[in-house]
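Engineer: I would like the atomic coordinates for the input below:
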Amino acid sequence: MNGPALQDRSPASASWRIALPHTAAAVPVARALVRTALTELEHAADSDTAELLTAELVANAVEHTAGDGPIELVVELLPSGCQVEVHDPDPAPPGNLTRPTDGDPDPWQEHGRGLLLIRALSSSCGHRPTDSGKAVWFRLPILPAQRRPV
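Structural biologist: So this is what the prediction gives:
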């Protein structure tokens, strides 16, 4: 009985905060940080999905905010799952993050699917104002034991 109980025990809370350059180079750094955080603590959230959605948030912050000041990545590992936030200096909310658009994205366009992915693959997502702009976030739940990678 102790074996399964130990395997199913939720990980302790932990968090990371890092400033990233306001360039495309921030995307692989952010992905690596999320992957490392989830792997090092053997956290049970889906690391592939966390990496993908983190890349989308960081890429959007780099592409859609003016200036060259850093953006900030915050990763919180909680007993119920993980939350990833990207802070940027633009106070304007991201378009259509929390509500679907009227139509499907144009299949011939390279852009326009990031927020759709975040809405579809996260357990929740949103944005909030900060003292220096906004934070855009998503949450992923802990995966059930039978769905975790071996």
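Engineer: Would you mind identifying the next helix or strand past the strand or helix carrying S15?
Structural biologist: Under the criterion of DSSP states H and E, S15 resides in strand 14-20. Counting by DSSP H and E, the next helix or strand C-terminal to strand 14-20 is helix 26-40.
Engineer: buried ones in that following helix?
Structural biologist: A26, V27, A30, R31, L33, V34, A37, L38 (16 or more other Cβ atoms under 10 Å). (Each C-beta comes from the backbone N, C-alpha and C, glycine too.)
Engineer: Check stretch 122-137 too.
Structural biologist: Neighbour-count burial for stretch 122-137 [16+ other Cβ under 10 Å]: S122, C125, G126, H127, G133, K134, A135, V136, W137.
Engineer: For the third one, name its beta-bridge partners.
Structural biologist: Taking DSSP bridges, one obtains W137 as the residues bridged to G126.
Engineer: I figured it hits R139, correct?
Structural biologist: No - assessed by Cβ atoms under 8 Å, G126 is found out of contact with R139, at 9.1 Å.
Engineer: report the longest helix in the protein, please.
Structural biologist: helix 47-64 (DSSP state H).
Engineer: Can you pull out the residues in contact with that helix?
Structural biologist: The contact list for helix 47-64 (Cβ atoms under 8 Å, 6 or more residues apart in numbering) reads 20, 22-24, 26-27, 30-31, 34-35, 38-39, 71, 73, 82, 84, 86, 88, 90, 94, 114-115, 117-118, 121-122, 136-138, 140.
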